[in-house]
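J.: Sequence first, predicted coordinates after that:
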Amino acid sequence: MMAAMGIDTGQGVLTVDLGAVVANWRDLSARHDASCAGVVKADGYGLGAAPVARALHAAGCQTFFVAHLTEGVALRAALGAGPAIIVLNGFAPGADEDAGLWPVLNGLGDVEAHAAAGRAAGVPQPALLHLDTGMSRLGLDAGEQARLGQDRARLAGLDLRFVMTHLACADEPAHPLNAAQAGRFAAAAAIIAPAVPRSFANSSGLFLGAAFRSDLARPGCALYGINPTPAAPNPMRQVVELQVPVLQVRDIAAGDTVGYGAGYTAPRNVRVATVAAGYADGYLRSLSGRSLALFQGRAVPLIGRVSMDLTTFDATDFPELRPGDRMMLVGGAGNTPDDIAARCGTIGYEVLTSLGHRYQRRYIGGA
């Protein structure tokens, strides 16, 4: 209500370019030369599953992946009937109520439970079958695959829409596990579900070549501007910018310290700008002393520790900076989520999915 009345709430503004998300999806779809889903788990990688999915659906995307049942139910409410919504972590038979979601079957127990429910109802249950080919996380392991291949009658009661696997090392094109997984998946799918469409490539897998194409690709991070080819320039459009307000600017003398633990000691007279964002807003504490913001396109170094609600920067070279001005905490040249992640030893996924809900969200663009 305050924002609607025109009152400055003092919050950061997270701008999400839905047009860039759609353009990235179209580029990936063209590369795959087959159907391409949209992975919108973790609230659309932190950017808002509902607005992202609505934009993708308007652009022609007909299939969406989420992680949890609750995410699927919320997405169905946002999209309405029509597009397929698939729950990667699966769920118990009947747990989707009236949402019309498809579970991923990640073990033989899942297969048996959903098949039994389908036989009891007299209506085959729609689902995806997940074959583990090297991730050793979810999916039927080699032993379960062998048992299912020897007794495919266990699938009676299921309406398998896709059989899938998940690449473990797709962002490392030369890794031998990529080819091994492709071979294992082709062999197992041919025995267990030869007539069922297949879903294979994730974001990075789409750049591995024809052997990794399938009936349905599942890009996630690349939709949101994360580089799916880390050893090469990023082919994706950037999606996010985070502008945060400067709360205070002060001058300190050489030898003065800044922040918790006196983690920064001024080597000279320094002008300190304090902004309204911290680790409670998803600006990682591990960025302390290692990152930067942009003001008028120029780098402003982070000094001291990132605290819960506040972060401090060395604005000595910016005499024009005043309280109320905004600095770009994420976005711009050299300050993408991937750039920020590299400074503190993590990945762009964590930077995006950590962004909190205290920012005002601004969506631009679309289909």
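T.: Yep, it's here. Everything numeric in this text was worked out from a predicted model, so none of it was measured.

J.: So for M1, what's the pLDDT?
T.: Among the per-residue scores, M1 holds a pLDDT of 32.

J.: How about D96?
T.: Taken from the predicted model, the pLDDT recorded for D96 is 88.

J.: so it makes contact with G72?
T.: Yes: D96 sits in contact with G72 when judged by C-beta atoms under 8 Å, with a separation of 6.9 Å. (Glycine included, C-beta is placed from N, CA and C.)

J.: These two: who's more crowded?
T.: Counted by other C-beta atoms under 10 Å, D96 and G72 do not tie: G72 has more neighbours, with 28 against 18.

J.: Relative to the whole chain's centre, how far out is the longest helix seen in the chain?
T.: Longest helix in the chain, counting residues (DSSP state H): helix 176-192. In terms of C-alpha atoms, centre = their mean, to the nearest Å, the gap separating the centre of helix 176-192 from the centre of its chain is 26 Å.

J.: cool, stretch 230-242 as well?
T.: Centroid displacement of stretch 230-242 relative to its chain, using C-alpha atoms, centre = their mean, is 13 Å.

J.: Need the contact partners of it.
T.: By C-beta atoms under 8 Å, 6 or more residues apart in numbering, the surrounding residues in contact with stretch 230-242 are 12-17, 20-21, 23-24, 27, 47, 171, 173, 222-229, 277, 328-332, 336-338, 352, 355, 359.

J.: make it 7 Å
T.: By C-beta atoms under 7 Å, 6 or more residues apart in numbering, the surrounding residues in contact with stretch 230-242 are 12, 14-17, 20-21, 23-24, 47, 171, 222, 224-225, 227-229, 328-331, 336-338, 359.

J.: Next step: these restricted to strands.
T.: L14, T15, V16, D17, M328, L329, V330 (DSSP state E).

J.: Out of the residues you listed, grab the one that's most surrounded.
T.: Counting by other C-beta under 10 Å, top hit in these: L329 with 29 neighbours.

J.: Could you list everything the nearest residue to that one once chain neighbours are set aside pairs with in the sheet?
T.: Nearest-residue entry for L329: L242, 4.6 Å, with adjacent residues in sequence omitted and distances by C-beta to C-beta, 6 or more residues apart in numbering. L242 forms beta bridges with L14, V330, as assigned by DSSP bridges.

J.: returning to what we had before: identify the farthest-apart pair in the ones in strands among the contacts of stretch 230-242.
T.: Comparing every pair within the ones in strands among the contacts of stretch 230-242 by C-beta to C-beta identifies D17 and L329 as the most remote, at 16.3 Å.

J.: Show me what the helix or strand hosting L128 is in contact with.
T.: Mapping L128 onto the secondary structure by DSSP states H and E places it in strand 125-130. Strand 125-130 is contacted from outside by 86, 93, 102-106, 114, 117-118, 138-140, 157-165, 193, using C-beta under 7 Å, 6+ apart.

J.: So which of those residues sit within strands?
T.: Judged by DSSP E, the subset of those located in strands is I86, W102, P103, V104, L105, L158, D159, L160, R161, F162, V163, M164.

J.: can you pull out the helices in the stretch 101-250 of the chain?
T.: In the stretch 101-250 of the chain, helices defined by DSSP state H, counting those that start in this stretch lie at 108-121, 142-150, 176-192, listed in chain order.

J.: Could you dump the ones you listed into TSV and include mean pLDDT, distance to A37 and mean neighbour count?
T.: Formatted as TSV, the entries for those read as follows, by pLDDT from 0 to 100; distance: least, C-beta to C-beta, whole Å; neighbours: other C-beta atoms under 10 Å:
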stretch	mean pLDDT	distance to A37	mean neighbour count
helix 108-121	96	20	17
helix 142-150	96	23	15
helix 176-192	97	17	17
